[in-house]
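> Have a look; sequence and predicted model below, questions after that.
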Amino acid sequence: MHDPATNAAASVDEVERSLRENNVQFIRFEIPDLMGLSRSKTIPIDSFQQFALKGVNMYGGALGLDTASFVVPDTGLGEETGYQDSMLVPELGTIRILPWEPETASVICNPCDAITGEPMVHSSRNVLLSLLERTRSLGFEVKTGIELEFYLLDAQTKEPLFGGQHIFLTARNHWNDFIKDLLSNLHGLGLKLTTHNAEYGPSQFEVNFDPADGIDAADESFRFKCAVKEFAHRSGYIASFMSKPFADRAGSGCHVHMGLRNSADDSNAFVDLDGPHQLSTTARSFTAGVLRHAGSMTALIAPTVNCYHRFKKGSFAPTTASWGIQDRTALIRMKATGDDATHLEMRGASGLSNPYLSAAATLAAGLIGVEESYELPASSDQLAEENEQFELLPLTLEAALDRLSADERLCEMLGVPFTRLFTKVKEFELERWRAHISDWEMDEYLELY
């Protein structure tokens with residue numbers, strides 16, 4: 001009988017040997033926080049064995065910091081635990097050497113309770129992992145692709161590098177050498193790039209990469225966002241995934257492409273050539289689940305006050321809990337191709353959303369539909385944003401949080417401790433936002449009134 005500890009040590013030995021052969025001197029132990037930002041500790045290669053086997057300690061409340069890194073009370077991670085540590089346990093299969101950072105690698109970790117050793121249910125990555133296990137229990141595997149848009153801005157002025165609207169225009173796709181260098185570094189990081197292009201807004205871009213199985217798609221999206229921002233900063237730019245940085249210009253979205261595969265034979269569980277639109281019952285129930293819980297999941301996929309400036313007609317961002325075949329104004333754009341590529345595209349997430357949570361929200365809502373055999377309403381016979389049969393999405397973060405809190409089924413799927421953490425942190429941010437006096441208020445009222 002093999003000793004699991006011995007096997008783990010042997011695996012760590014092999015990884016360390018490979019790192020040393022590649023002259024790696026430092027390794028970042030990284031976790032995604034609530035917003036999907038990287039929180040990390042860097043260790044020297046000589047300490048890798050110790051920390052790879054036992055984990056690296058980090059304040060457990062790092063999972064529950066707000067957008068300004070304030071410690072938020074009553075989340076279940078702070079004063080209730082004495083502000084105890086977590087342990088960052090590395091997923092060795094996620095180790096990547098950083099092309100732009102000499103002698104440095106990174107590894108994505110799962111945060112575990114420092115006392116029990118159990119995975120922390122407050123972690124967005126662990127939330128998604130739990131949902132993937134639930135999906136397997138139903139006889140399916142998940143295939144996901146995540147598209148992300150961002151602005152590349154001058155670091156001093158915080159303005160775009162060029163004006164106008166130039167989507168797909170070759171002269172803007174490769175505006176400067178930075179873009180080619182960025183693509184080369186992303187490729188060197190191991191991302192399987194598929195397309196790159198200028199987006200609708202001025203110096204707004206989109207870089208896409210292959211869909212992946214299970215947790216890998218969210219892991220790669222996390223890596224992508226961190227890499228783009230870090231490499232831009234080092235090159236004298238700001239890369240921003242902020243949802244709506246400019247009132248008169250396009251917002252940045254995150255489109256989650258998702259489908260289910262039958263575990264038994266790896267066939268596409270969304271295809272039925274004899275079904276309506278060649279969609280299976282599973283596909284229709286999954287989509288119906290996303291639509292029925294769309295208002296509740298909006299807080300997770302649009303998690304800041306700024307996100308709600310993006311949801312406007314004519315902006316290619318959804319305003320309703322709607323679906324349609326190849327309809328870019330719908331929340332769910334169904335890619336019903338009648339073949340193995342059939343899947344749905346959830347278009348409601350913001351560019352700054354946590355990719356683990358955008359995927360988890362979509363999967364959780366869809367699985368509810370499958371488990372409860374939801375019936376899919378008819379698709380729109382006009383642009384979805386013009387069809388009044390569909391429910392409007394929440395117009396504010398406050399309204400979205402209310403919907404989430406009232407949705408017991410979705411909260412159960414995501415985990416009650418996690419949804420408590422999420423809502424407490426977002427309510428704390430809202431209080432800070434309400435206390436702020438904006439430039440608009442000063443310009444509008446100060447002199448005349």
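Looks like it came in fine. Residues are numbered from 1 along each chain as shown.
> Which elements pack onto the top strand by length along the chain?
In the chain, with assignment by DSSP state E, the single longest strand is strand 140-154. With contacts taken as 3 or more Cβ pairs under 8 Å, 6 or more residues apart in numbering; DSSP states H and E, strand 140-154 sits against helix 124-137, strand 204-209, strand 212-213, helix 216-234, strand 237-240, strand 253-262, helix 355-371. C-beta: built from backbone N, CA, C; applies to glycine.
> most tightly surrounded among the ones you listed?
Most buried of the helices and strands packed on strand 140-154, by mean neighbour count (mean count of other Cβ atoms under 10 Å): helix 355-371, with a mean of 27.
> Could I get the average pLDDT for that helix?
Averaged across helix 355-371, pLDDT comes to 98.
> ok, now stretch 423-438?
97.
> Distance from the chain centre to that stretch, please.
22 Å (Cα atoms, centre = their mean, to the nearest Å).
> Would you mark the buried spots in that stretch?
T423, K424, V425, K426, E427, F428, E429, L430 (16 or more other Cβ atoms under 10 Å).
> and the residues you listed as JSON lines, adding distance to R223 and secondary structure?
Shown next, in JSON lines, are the buried residues of stretch 423-438 (distance: Cβ to Cβ, whole Å; DSSP: H, G, I helix; E, B strand; the rest coil):
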{"residue": "T423", "distance to R223": "28", "secondary structure": "helix"}
{"residue": "K424", "distance to R223": "28", "secondary structure": "helix"}
{"residue": "V425", "distance to R223": "24", "secondary structure": "helix"}
{"residue": "K426", "distance to R223": "25", "secondary structure": "helix"}
{"residue": "E427", "distance to R223": "30", "secondary structure": "helix"}
{"residue": "F428", "distance to R223": "28", "secondary structure": "helix"}
{"residue": "E429", "distance to R223": "26", "secondary structure": "helix"}
{"residue": "L430", "distance to R223": "30", "secondary structure": "helix"}
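> does A68 count as helix, strand or coil?
Here A68 is coil, with the state taken from DSSP: H, G, I helix; E, B strand; the rest coil.
> related to what we said a few turns ago, and the helices and strands packed on strand 140-154: which comes nearest V290?
helix 355-371 (4.6 Å; Cβ to Cβ).
> Spell out the residue ranges of the strands in the stretch 301-449 of the chain.
323-325, 332-335, 343-350 (DSSP state E, counting those that start in this stretch).
> before we move on, back to that, point out the other helices and strands that whichever helix or strand comes after the longest strand of the chain packs with.
The C-terminal neighbour of strand 140-154 among helices and strands, as given by DSSP states H and E, is helix 170-173. In terms of contacts (3+ Cβ pairs under 8 Å, 6+ apart), helix 170-173 is packed against strand 193-198.
> what's the angle from the strand it packs on to strand 204-209?
Inter-element angle recorded for strand 193-198 and strand 204-209: 170 degrees (by axes from the mean of the first three to the mean of the last three Cα atoms, to 10 degrees).
> got the contact list for strand 193-198?
166-169, 172-173, 175, 179, 183, 186-187, 204-210 (Cβ atoms under 8 Å, 6 or more residues apart in numbering).
> Can you pull the domain assignment for the protein?
4-120, 129-431 (automatic domain parsing).
> looking only at pLDDT, what's the mean for the longest strand of the chain?
97.
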